[in-house]
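> the following block contains a protein sequence and its predicted model.
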Amino acid sequence: MAGLSIKRRIKTKHVTSVSDDETHALIDEELHRLCKSSKSKSKKDKKKSDKLSLPTQSLNPDSEAGRSTRESSIERTIIYRTECPCSTHYDKQLIVRSYDITVNELFDLLFGNNEFVQAHRKAQNLFDDTATDWTMNEETKCRERTLNYKVPYDSTLVGKATISTTEKQTLTHDVAGSHYVVDAEVFNDGVKYSDTFSLCMRYCLLQTSTKTTSLRVTALVRFNKSATSILKPLIERNAYSSSLEGLKSLNHRLNLHTNFSMNKRNSDQGEVSVNVPIGMNSHDTLANGPLQQKLSDENKKTEPHQTSTSLYHSNALIYIFIIIIAFILCINLYLYIKLKQMDKIVDKLARSMK
């Protein structure tokens, strides 16, 4: 019995030791599996973080890819208008153009107080020009300003004269970065028939993309006093032609300015190396330099043609009146001669009857 109990104890002890060894083996295996899974998880997280960090490193804000990404995101976000907010426009369409500048810059070039505006007015022979600041009209809730300037007038028949012009501008629509609409009414004084009408013009500025803005100008002659059916078409033709000449010169200047602006952007990116003017603040967009010199040269070339054209339109009305008066005089002279001949015939008949 004692020997049997000893064998049982030995067997029990052996079984216990075997079970303990299996338990330790399972624990070691589980720990090894956990360590392996944690390592693989850390490797996956590291790879994932590397993948996530790669686009951030590649899209450097100062790099070209970063700039293009920002521009494309802006284009996807901003929806530009395709038409101006005007329900109607004036009957006479003078100009429709697109320029590679923003709408804010175009508005400043047209209605700001800068060298671009001053050079354009000088090319149009305007002098003594003054402009008030944009002020809010409490009744219309629109910003307004008034321009005063003088225009020389020279005619071979009438002589030299000076036209005093008052231009009232009203900003009816004002959304920065999107569109502007300016209504202008021009009143003249100093020449015969100039006080019988006023010229209404509407400037529609609409940004169609990040770097493109369209300009549309329409006009209408509004008669303040009664005019004959002969005078009305002559006045309208003369007013529209004069305005169109000024807008052609303005369009040429805007094209030169946008070309120099594009060259400046290319120069900043290192694509080309040219001498271009440095931009000023929001009210001094056009700077001195090669552009100003080129504009001056263009003015010298175009001023004689513009002067001769304006003189031709100014004298057309007077020439027509002279032709009409000469025609009436010829008719009166013809009738006078015929009456004289009739008197002679009557006298002869009276003498023959006696």
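Right, received. Where do you want to start?

> quick one: end-to-end length of stretch 217-233, please.
End-to-end distance of stretch 217-233 (C-alpha to C-alpha, to the nearest Å): 20 Å.

> avg pLDDT for that stretch?
Averaged across stretch 217-233, the pLDDT comes to 90.

> what comes up buried for that stretch?
217-221, 231 (16 or more other C-beta atoms under 10 Å). Every residue, glycine included, has its C-beta placed from N, CA and C.

> could those residues go into TSV alongside distance to Thr140 and secondary structure?
What follows is the buried residues of stretch 217-233, written out as TSV (distance: C-beta to C-beta, whole Å; DSSP: H, G, I helix; E, B strand; the rest coil):
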residue	distance to Thr140	secondary structure
Val217	22	strand
Thr218	20	strand
Ala219	21	strand
Leu220	19	strand
Val221	23	strand
Leu231	32	helix
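
> can I get those in CSV with distance to Ile325?
Putting these into CSV (distance: C-beta to C-beta, whole Å) gives the following:
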residue, distance to Ile325
Val217, 37
Thr218, 36
Ala219, 31
Leu220, 31
Val221, 25
Leu231, 15
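
> among those, which two are most distant?
Pairwise distances across these (C-beta to C-beta) peak at 24.8 Å, for the pair Val217 and Leu231.

> so where's the stretch 51-200 of the chain uncertain?
The stretch 51-200 of the chain contains residues with pLDDT under 70 at 51-77, 155-159.

> mind doing that once more with 50?
Along the stretch 51-200 of the chain, the model assigns pLDDT under 50 to residues 51-59, 61, 73-75, 157.

> okay, helices next: where are they in it?
Ranges of helices in the stretch 51-200 of the chain, per DSSP state H, counting those that start in this stretch, are 64-77, 103-111, 115-123.

> which among the buried residues of stretch 217-233 gets closest to Leu256?
Checking those against Leu256 with C-beta to C-beta, the nearest one is Val217 at 18.7 Å.

> name whatever forms a beta bridge with that closest one.
Counting by DSSP bridges, Val217 is bridged to Ile95, Tyr203.

> from what I see, it and His89 are in contact.
No - with contacts counted by C-beta atoms under 8 Å, Val217 stays clear of His89, the gap being 9.4 Å.

> overlap in contacts of these two?
202, 204 (C-beta atoms under 8 Å, 6 or more residues apart in numbering).

> quick check on Ser209: phi, psi?
phi -160, psi -170 (degrees, to the nearest 10).

> isn't it up against Ile79?
No - using C-beta under 8 Å as the test, Ser209 is too far from Ile79 to be in contact (11.0 Å).

> these two: who's more crowded?
Set side by side, Ser209 and Ile79 show more neighbours around Ser209, with 12 against 8, by other C-beta atoms under 10 Å.

> quick check: nearest residue in space to that one, chain neighbours excluded?
What sits nearest to Ser209 in space, not counting adjacent residues and going by C-beta to C-beta, 6 or more residues apart in numbering, is Tyr80, at 6.1 Å.

> residues near that neighbour, how many?
So Tyr80, with other C-beta under 10 Å, has 16 neighbours.

> in what helix or strand does Ser249 lie?
helix 231-268 (DSSP states H and E).

> okay, the angle between that helix and helix 115-123?
Interaxial angle of helix 231-268 relative to helix 115-123 (axes from the mean of the first three to the mean of the last three C-alpha atoms, to 10 degrees): 140 degrees.

> tell me the buried residues in helix 231-268?
Along helix 231-268, the positions that meet the burial threshold by neighbour count (16+ other C-beta under 10 Å) are 231, 234-236, 238-240, 242-247, 249-250, 252-254, 257-258, 260-261, 263-264.

> my guess is Met136 contacts Arg145. True?
No - Met136 is beyond contact range of Arg145, at 10.8 Å (criterion: C-beta under 8 Å).

> measure Tyr80 to Ser98 for me?
Taking C-beta to C-beta, to the nearest Å as the measure, Tyr80 falls 13 Å from Ser98.

> swap that for Ala326, sorry
Separation of Ala326 from Ser98 (C-beta to C-beta): 49 Å.

> which one's more surrounded, these two?
Comparing Ala326 with Ser98 by neighbour count (other C-beta under 10 Å), the higher total belongs to Ser98, at 14 against 10.

> quick one, the longest strand seen in the chain and helix 103-111 angle?
Ordering each strand of the chain by length in residues (DSSP state E) puts strand 159-175 first. With the same axes, to 10 degrees as the basis, strand 159-175 and helix 103-111 are set at 160 degrees to each other.

> list the buried residues in strand 159-175.
Buried-residue list, strand 159-175, by 16+ other C-beta under 10 Å: 165, 167, 169-173.

> which one of those sits closest to Thr102?
Nearest to Thr102 among the buried residues of strand 159-175: His173, at 16.3 Å, using C-beta to C-beta.

> report how many residues lie close to the closest residue to that closest one other than its chain neighbours.
Nearest residue to His173 in three dimensions, chain neighbours excluded: Val181, at 3.9 Å (C-beta to C-beta, 6+ apart). For Val181, the number of neighbouring residues by other C-beta under 10 Å comes to 20.
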